[in-house]
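# mind folding the following:
(4 chains)
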2 protein chains.
Amino acid sequence: MTDRDAEQLRERSLRVTQPRLAVLDALDRLPHADAHALHAALADSGSDISLQSVHNVLGDLADAGLVRRFEPARSAARYERRIDDNHHHAVCERCGKVEDVDCVVGAAPCLHADAPTGFTIQAAEVTFVGICADCAAGAERLGGQRDEQPATA
Amino acid sequence: MTDRDAEQLRERSLRVTQPRLAVLDALDRLPHADAHALHAALADSGSDISLQSVHNVLGDLADAGLVRRFEPARSAARYERRIDDNHHHAVCERCGKVEDVDCVVGAAPCLHADAPTGFTIQAAEVTFVGICADCAAGAERLGGQRDEQPATA
DNA sequence: GGATCAGTTTTGAATCGTTCACGATAAGGG
DNA sequence: CCCTTATCGTGAACGATTCAAAACTGATCC
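Okay, here's the model as predicted:
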């Protein structure tokens, strides 16, 4: 997929660099990672990229529209490569895990708010908060625990 | 309304203190303020409360369910007193202003996501991003400007 | 294939919003 | 009115992100 990544970068007149390819590749493996998690993952796979560069690259990619940035409450910014379809996110209150939620109410569901005050709506960010299956199962017999996916992965 | 505020605090077994009443009162006047804006507003109206205490109070009030905390992307946490109805928010990309958006799709619109992975949805956070009427009007003849409501108000 | 130039990365420090720790203070029951 | 304890204030610490300047390298031109 690195070829396709390089192509995408060129399409946006971004230089094809090792850090950018590495970040894109890591994002394929960690679909909702934050900068810290990506940095750790890259370090593990041999790419010696500074955390600041990860932020830098993510910023560039987000500006270019190759990557989408979203910020669950109480959490660092997460990044994902799914940008074409408008899907939403479910965040586990307990462990911070994020899962994709496809639109249920049709094509672009919550996008048509009638902003009474002349607001021009450009995008809608929908985030569901709840308990993921794993935490629900684990919490039945254990007290509140924390696992924090992005810190680990 | 201070009487009602005091009553609400007592109902949650929170002590009725001047800082808490002041914050609640300020929140009535600034419906979507962040901690900094509230601190400034309180200072203006004579209440000499430290910024840390504002955070502290807001945290307590949020824990008690008297206040709702939400975090628009790229912005500090905002707080509001409307907690009973589930309404959403429209954030102006340009000036950061937040306006309430009532549910359009019925009673609890986007709340019924079929989380495929056993997710138990507890709440939905819907945020619309766009351009507010003021900024749209102003931007027609001015280059990109910034006004940042919470910093001023 | 190599030189050149601008876009990128790096390093280190700075910023912002928020949280922590602890002594000082005051709310509210007795 | 006193005592206990929640709460507030002060100051420092913290995590995530951004900024600044110098070193580097990808892409183009020769």
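
# where's residue A:38, which helix or strand?
helix A:35-44 (DSSP states H and E).

# how distant is the very next helix or strand once past that helix from the center of its chain?
Note on helix A:35-44: by DSSP H and E, the next helix or strand toward the C-terminus is helix A:51-64. For helix A:51-64, the distance from its own C-alpha centre to the chain's C-alpha centre is 13 Å (Cα atoms, centre = their mean, to the nearest Å).

# close to chain B, is helix A:51-64?
No - Helix A:51-64 stays out of contact with chain B when judged by Cβ under 8 Å from any Cβ of the partner chain, the minimum separation being 11.1 Å. Every residue, glycine included, has its C-beta placed from N, CA and C.

# what about the strands in chain A?
With DSSP state E, the ranges of strands along chain A come out as A:68-70, A:78-80, A:88-92, A:98-101, A:120-131.

# can I get these in TSV with mean neighbour count, distance to chain B and mean pLDDT?
As requested, the strands of chain A are exported to TSV (neighbours: other Cβ atoms under 10 Å in any protein chain shown; distance: least, Cβ to the nearest Cβ, whole Å; pLDDT from 0 to 100):
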stretch	mean neighbour count	distance to chain B	mean pLDDT
strand A:68-70	17	7	96
strand A:78-80	22	11	97
strand A:88-92	23	5	91
strand A:98-101	20	5	90
strand A:120-131	19	4	87
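
# let me see the contact set for the spatially most central residue of chain A.
Centroid-nearest residue in chain A, with Cα atoms, centre = their mean: residue A:79, separated by 2.8 Å. Residues near residue A:79 by Cβ atoms under 8 Å, 6 or more residues apart in numbering or on different chains: A:27, A:32-35, A:38, A:58, A:61-62, A:67-70.

# do that again at 6 Å, thanks
The contact partners of residue A:79, taken as Cβ atoms under 6 Å, 6 or more residues apart in numbering or on different chains, are A:58, A:67, A:69.

# other SSEs contacting the helix holding residue A:38?
helix A:18-29, helix A:51-64 (3 or more Cβ pairs under 6 Å, 6 or more residues apart in numbering or on different chains; DSSP states H and E).

# reformat the ones you listed as CSV; add mean pLDDT.
What follows is these, written out as CSV (pLDDT from 0 to 100):
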stretch, mean pLDDT
helix A:18-29, 97
helix A:51-64, 98
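
# interface residues of chain A facing DNA strand C?
A:13-15, A:17, A:19-20, A:48-50, A:52-53, A:56-57, A:60 (Cβ under 7 Å from any atom of the strand).

# just the buried residues of those.
Buried members of the residues of chain A next to DNA strand C, scored by 16 or more other Cβ atoms under 10 Å in any protein chain shown, are A:14, A:19-20, A:49, A:53, A:56-57, A:60.

# hang on, the earlier thing: show me the one of the helices and strands packed on helix A:35-44 that comes nearest DNA strand D.
Smallest distance to DNA strand D across the helices and strands packed on helix A:35-44 (Cβ to the nearest atom of the strand): 3.8 Å, for helix A:51-64.

# mind exporting the C-alpha coordinates of that closest one to CSV?
Provided in CSV are the C-alpha atoms of helix A:51-64 (Å, rounded to 0.1, in the frame of the first residue of the first chain):
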residue,chain,number,x,y,z
LEU,A,51,7.1,12.8,18.4
GLN,A,52,7.1,16.3,17.2
SER,A,53,7.5,15.1,13.6
VAL,A,54,4.6,12.8,14.1
HIS,A,55,2.5,15.8,15.1
ASN,A,56,3.9,17.7,12.2
VAL,A,57,3.2,15.0,9.7
LEU,A,58,-0.3,14.4,11.0
GLY,A,59,-1.0,18.1,10.8
ASP,A,60,0.2,18.2,7.2
LEU,A,61,-1.8,15.1,6.3
ALA,A,62,-4.9,16.4,8.0
ASP,A,63,-4.6,19.8,6.2
ALA,A,64,-4.2,17.9,2.9
